[in-house]
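Peer 1: Coordinates only, no sequence provided:
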């Protein structure tokens, strides 16, 4: 059995986990006819709206200033609506990992040929290698997925002392 020194994950590790989960979802996602239809519909509606705007602009030359103002207000409203949605997502994403929560606490890991055991101040978890359904890695961490977007995060520096054994276990995991 190999045991890591204690380590702490950071908010940056949480963001990297979100990116790894997104990469995994993109790799495993099936083609969605509904998504494609929505994209095509949006472009068709935008094209039709622009066509009608320019046609009205030519016909109502004396009211062009009012029409331009109305178009500018509609565009500004659409931009504010889209921006508000994405800004809310960014704000909420920053709150997903609580300062006193399990993700940001100090951890230690133990590995053997059967399972991985993670221990932290308020609990512990054990996952058998056979229950890991996917893997990913970046320059900072390994990600051992136990669900579509739920994963154990293992910092590369934490397994440096027994890197060869960990690489052997990691290589056997499904992509």
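Peer 2: Good, I have the coordinates. Model, not experiment: these values are computed from the prediction.

Peer 1: Does the longest helix anywhere in the chain pack against any helices or strands, and if so which?
Peer 2: Of all the segments of type helix in the chain, defined by DSSP state H, the longest one is helix 64-93. Helices and strands touching helix 64-93, by 3 or more Cβ pairs under 8 Å, 6 or more residues apart in numbering; DSSP states H and E, are helix 33-59. Heads up, the C-betas are built off the backbone N, CA and C, glycines and all.

Peer 1: How is the chain divided into domains?
Peer 2: By the assignment in automatic domain parsing, the chain contains the domains 2-27+99-172, 31-93.

Peer 1: any idea which of those is most buried?
Peer 2: Of all the domains of the chain, domain 2-27+99-172 has the most neighbours on average by mean count of other Cβ atoms under 10 Å, namely a mean of 15.

Peer 1: can you give me how far it is from the chain middle?
Peer 2: Distance of domain 2-27+99-172 from the chain centroid (Cα atoms, centre = their mean, to the nearest Å) equals 16 Å.

Peer 1: ends of that domain, how far apart?
Peer 2: Its start and end residues considered, domain 2-27+99-172 measures 17 Å (Cα to Cα, to the nearest Å).

Peer 1: Now do residue 56 against residue 50, distance only.
Peer 2: Counting by Cβ to Cβ, to the nearest Å, the separation of residue 56 from residue 50 is 11 Å.

Peer 1: Residue 20 too?
Peer 2: Where residue 50 is concerned, residue 20 sits at a distance of 39 Å (Cβ to Cβ).

Peer 1: Let me see the contact set for residue 154.
Peer 2: Residues counted as contacts of residue 154 (Cβ atoms under 8 Å, 6 or more residues apart in numbering) are 109, 141, 142, 143, 144, 166.

Peer 1: ok, now with 6 Å
Peer 2: For residue 154, the contacting residues are residue 142, by Cβ atoms under 6 Å, 6 or more residues apart in numbering.

Peer 1: Between the two ends of stretch 123-143, how far is it?
Peer 2: 20 Å.
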